[in-house]
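Asks: Sequence and predicted model, in that order:
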Amino acid sequence: MTALMALAVSRAVVATPFTLRAGEWFIGLSMMALAMLKLQNLVSLSTMFLNCDLLARRWTPYAKIYPFAELGAGELMVARAY
């Protein structure tokens with residue numbers, strides 16, 4: 001879905017769907033969509049995240065910060081403000 005969104009945005013902005021910028025939009029939009037899914041149930045995500053992420057094991061607030069950081073990184077990538 002995010003690939004189609006990126007191609008549509010590229011077509012609207014640059015008049016051709018297949019550009020390098022479309023690839024950047026695809027990655028940024030995918031990060032934002034995945035962050036949105038993680039934010040739907042933050043409590044269970046943070047519990048599960050403690051089992052698989054080494055940084056979250058050492059510093060537990062990271063498990064709750066991570067989806068917001070992923071959303072912000074995706075937004076910065078889409079806005080090309082990185």
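Replies: Done, it's in.
Asks: Relative to residue 70, how far out is the residue nearest to the spatial centre of the chain?
Replies: The residue lying closest to the centre of the chain (C-alpha atoms, centre = their mean) is residue 31, at 1.5 Å. Distance of residue 31 to residue 70, computed by C-beta to C-beta, to the nearest Å: 6 Å. For every residue, glycine as well, the C-beta is placed using N, CA and C.
Asks: and if you look at residue 18?
Replies: 26 Å.
Asks: More neighbours: which of the two?
Replies: residue 70 (17 against 10; other C-beta atoms under 10 Å).
Asks: Identify the residue nearest that one in space, chain neighbours excluded?
Replies: Leaving out its chain neighbours, the residue that sits closest to residue 70 by C-beta to C-beta, 6 or more residues apart in numbering is residue 35, at 4.2 Å.
Asks: Any figure for the gap between that neighbour and residue 80?
Replies: 18 Å.
Asks: what does residue 54 give?
Replies: 31 Å.
Asks: Check this protein for me, the residue farthest from its geometric middle.
Replies: residue 15 (25.2 Å).
Asks: Model confidence score at that residue, please.
Replies: As predicted, residue 15 sits at a pLDDT of 95.
Asks: Residue 54 and residue 80: who's more crowded?
Replies: In this view residue 54 and residue 80 are compared by other C-beta under 10 Å, and residue 80 has more residues nearby, 10 against 7.
Asks: Determine the number of other residues adjacent to the closest residue to that one other than its chain neighbours.
Replies: Nearest non-adjacent residue to residue 80, counting by C-beta to C-beta, 6+ apart: residue 24, 7.5 Å away. Neighbour count for residue 24, taken as other C-beta under 10 Å: 16.
Asks: Next: the one 5 residues further on.
Replies: In terms of burial, residue 29 registers 21 neighbours under the definition other C-beta under 10 Å.
Asks: And for residue 53?
Replies: Neighbours of residue 53 (other C-beta under 10 Å): 13.
Asks: how about residue 22, phi and psi?
Replies: Main-chain dihedrals, residue 22, degrees, to the nearest 10: phi -60, psi -40.
Asks: How about residue 18?
Replies: phi -100, psi 90.
Asks: Wait, it touches residue 10, no?
Replies: Yes: counting by C-beta atoms under 8 Å, residue 18 does reach residue 10; the two are 7.4 Å apart.
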